[in-house]
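Asks: Quick one: sequence plus predicted model below, questions after.
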Amino acid sequence: MTNLKNFIREIPDFPKKGISYKDITPLLQDPKAMDFAVDLFIQKLNNQPIDIVVGIESRGFFFAALLAQKLNAGFVPVRKKGKLPAETLSEKYDLEYGIDVLEIHKDAISKGENVLVHDDVLATGGTARAACSLVERLGGNVVQCNFLVELSFLNGRQQLSRFPVASLVEY
């Protein structure tokens, strides 16, 4: 099992015309493919210690929680505005047609903790950059940003140029 791309289904014109959506649900349905992906992510960390794995809402939660468990680290969700119950810190980021907001609990990360940021897809990089900003504002050290899929033609790595970036499948 060397090509995870075989487990990603492309849906043309979803969610709107001209978009080719990368559907990861076939990969999630295959436990061996999921294990393989988690192992690859861990290899890409090169034995760096991780205290917290941040998962970005919502598809980033799938692998972030699995990585946290395998790395014996905590899991912290970063969510859209108004979804977290305790006191939060917010970060705005640009969308293709507007602005959105991500939030994290203020007590989720302690100063000096090593943090792995994970999401399913790296597109333009705005969402991940906002998550990294939240981590740093809480005093965390972003060790790496992980993505299952990278849409390299959208140049998202440029938004994350200060951080190491790892992706498993590239389009």
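Replies: Cool, got the structure.
Asks: could you say what helices and strands the longest helix seen in the chain packs with?
Replies: Assignment by DSSP state H gives helix 31-44 as the longest helix of the chain. Contact partners of helix 31-44 among helices and strands, from 3 or more CB pairs under 8 Å, 6 or more residues apart in numbering; DSSP states H and E: helix 25-28, helix 60-71, strand 141-150, strand 165-170. In this view, the C-beta of every residue, glycine as well, is placed from N, C-alpha and C.
Asks: and the ones you listed, which is most packed in?
Replies: strand 141-150 (a mean of 23; mean count of other CB atoms under 10 Å).
Asks: Quickly run through the sheet partners of that one, with directions.
Replies: strand 114-122 (parallel), strand 165-170 (parallel) (DSSP bridges).
Asks: before we move on, the earlier item: between the helices and strands packed on helix 31-44, which one is closest to residue 115.
Replies: strand 141-150 (5.5 Å; CB to CB).
Asks: thinking again about what came up before, so which of the strands paired with strand 141-150 comes closest to residue 64?
Replies: Short answer: strand 114-122, nearest of these by CB to CB, at 4.1 Å.
Asks: can you tell me the average pLDDT over that closest one?
Replies: Mean pLDDT, strand 114-122: 98.
Asks: How about stretch 32-43?
Replies: On average, stretch 32-43 scores 97.
Asks: Make sure residue 73 is actually in contact with residue 53.
Replies: Yes: using CB atoms under 8 Å, residue 73 makes contact with residue 53 at a distance of 5.3 Å.
Asks: Mind listing the shared neighbours of those two?
Replies: Shared contacts of residue 73 and residue 53 (CB atoms under 8 Å, 6 or more residues apart in numbering): 67, 116.
Asks: how about the CA coordinates for the helix or strand harbouring residue 10, as PDB?
Replies: Applying DSSP states H and E as the criterion places residue 10 in strand 9-12. Provided in PDB are the C-alpha atoms of strand 9-12 (Å, rounded to 0.1, in the frame of the first residue of the first chain):
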ATOM      1  CA  ARG A   9     -12.100  10.100  -4.500                       C
ATOM      2  CA  GLU A  10     -12.300  13.200  -6.700                       C
ATOM      3  CA  ILE A  11     -15.800  14.700  -7.000                       C
ATOM      4  CA  PRO A  12     -16.100  17.100  -9.900                       C
END
